[in-house]
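>>> Sharing a model that was predicted from the sequence below.
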Amino acid sequence: MQINGPSRQAVRWNLICRVSMLAAYLSMTPLAGAETGSCSNPNLTVSVPSSELRQEVCTAAELALEFLAGLGIQAKYPVRIVVVEQPLHNLTYSAYGCYDSRSDLVTVMSQQIIHKTSPSPKMFYQPLDQTQYRGIIAHEVAHALIQQNSKVLPLPLGTAAQEYLATVTQLSIMPPAIRDYVIGTADVGPWESGDIITGDYMAMAPARFAVKSYLHFRQLPDPAKFVDKLLRSKWYYVNVD
């Protein structure tokens with residue numbers, strides 16, 4: 001689920017994309033003149049129209065891969081990313097990025113198209129800029145790697161578990177000053193023992209969900225143990241011990 005869409009509806013659409021695995025994204029067209037190629041990391045394949053945008057997409061995706069590798073979440077095969085020149089929407093919902101587990105494809109709107117279709121787009125309380133755009137890409141790449149490393153296949157991994165890891169990845173690759181601003185503005189603490197992490201909280205307060213998850217993750221004495229628990233989650237929620 002991408003928290004970076006323009007509204008709460010965007011969150012719901014991304015849930016539909018990952019849980020129902022709709023085919024709409026298979027018909028999305030990449031930017032005119034797009035070419036498919038690899039990043040310096042062979043575990044990434046991208047379809048973009050220019051070398052400049054390719055580098056931007058590769059940089060964001062590589063940051064996500066590097067962070068997740070530190071948690072033992074490795075790419076088992078290349079992650080495919082395509083940048084499109086049209087809104088991602090269906091059933092009246094919209095979003096900036098999506099990972100479709102059926103096609104195993106990360107689809108992201110170009111930053112230019114986001115600004116054309118969304119008046120003054122914002123996320124994490126800030127105008128959408130290069131840093132936040134990298135976060136969109138990293139978030140969706142995280143979903144792709146989480147799917148590759150799921151320990152409940154062929155069942156779908158729980159929504160809360162996916163979003164916890166994807167949002168932690170997104171905040172972790174941010175420059176510290178920007179991340180600190182997001183944390184301060186959200187004004188929430190970490191998940192605590194006895195809490196239940198749910199996709200509903202994500203839908204109601206996506207930025208706060210992300211911050212609570214990041215703060216909780218940062219204080220874990222054994223992150224690998226909790227990550228293993230998440231990768232085994234079959235439910236819509238996660239209990240915090």
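Happy to help now that I have it.
>>> do you know how far the residue most central in space within the chain is from residue 241?
What sits nearest the mean C-alpha location of the chain, by C-alpha atoms, centre = their mean, is residue 139, with 2.1 Å. Separation of residue 139 from residue 241 (C-beta to C-beta, to the nearest Å): 26 Å. All C-beta atoms are positioned from the backbone trio N, CA, C, and that covers glycine.
>>> Likewise for residue 133?
Taking C-beta to C-beta, one finds residue 133 at 35 Å from residue 241.
>>> again, but for residue 176
29 Å.
>>> One more: residue 61?
When residue 61 is compared with residue 241 (using C-beta to C-beta), they lie 32 Å apart.
>>> Comparing those two, which shows the higher neighbour count?
Set side by side, residue 61 and residue 241 show more neighbours around residue 61, with 29 against 9, by other C-beta atoms under 10 Å.
>>> where do the helices sit along the chain?
8-19, 51-69, 111-117, 130-149, 159-172, 176-186, 199-204, 206-218, 223-231 (DSSP state H).
>>> Give me whichever of those helices is most buried.
helix 159-172 (a mean of 26; mean count of other C-beta atoms under 10 Å).
>>> just for the protein, where's the confidence low?
1-34, 89-94 (pLDDT under 70).
>>> Break it into its domains for me.
The chain breaks down by automatic domain parsing into domains covering 8-149, 159-239.
>>> re the thing from before, can you lay out the helices of the chain as JSON lines showing distance to residue 98?
Converted to JSON lines, these look like this (distance: least, C-beta to C-beta, whole Å):
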{"stretch": "helix 8-19", "distance to residue 98": "5"}
{"stretch": "helix 51-69", "distance to residue 98": "15"}
{"stretch": "helix 111-117", "distance to residue 98": "13"}
{"stretch": "helix 130-149", "distance to residue 98": "7"}
{"stretch": "helix 159-172", "distance to residue 98": "12"}
{"stretch": "helix 176-186", "distance to residue 98": "22"}
{"stretch": "helix 199-204", "distance to residue 98": "15"}
{"stretch": "helix 206-218", "distance to residue 98": "15"}
{"stretch": "helix 223-231", "distance to residue 98": "20"}
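>>> closest to residue 85 out of the ones you listed?
Closest approach to residue 85 among the helices of the chain (C-beta to C-beta): helix 111-117, 5.3 Å.
>>> For that closest one, which outside residues touch it?
Applying C-beta atoms under 8 Å, 6 or more residues apart in numbering, the contact partners of helix 111-117 are 84, 85, 86, 87, 96, 109, 121, 128, 130, 133.
>>> Report the buried members of those.
Buried subset of these (neighbour count, 16 or more other C-beta atoms under 10 Å): 84, 85, 87, 96, 109, 121, 128, 133.
>>> Of all the helices of the chain, which one is nearest residue 79?
Using C-beta to C-beta, the nearest of these to residue 79 is helix 130-149, at 4.6 Å.
>>> Can you give me the neighbour number for residue 235?
If we define neighbours as other C-beta under 10 Å, then residue 235 has 14 of them.
>>> roughly how far apart are the nearest residue to residue 77 once chain neighbours are set aside and residue 65?
Sequence neighbours aside, residue 148 is the residue nearest to residue 77 in space, at 7.0 Å (criterion: C-beta to C-beta, 6 or more residues apart in numbering). Going from residue 148 to residue 65 by C-beta to C-beta gives 11 Å.
>>> Now for those two: what residues contact both?
residue 75.
>>> Show residues contacting stretch 36-45.
Under C-beta under 8 Å, 6+ apart, the answer for stretch 36-45 is 46-47, 54, 57-58, 61-62, 65, 75, 77-81, 141.
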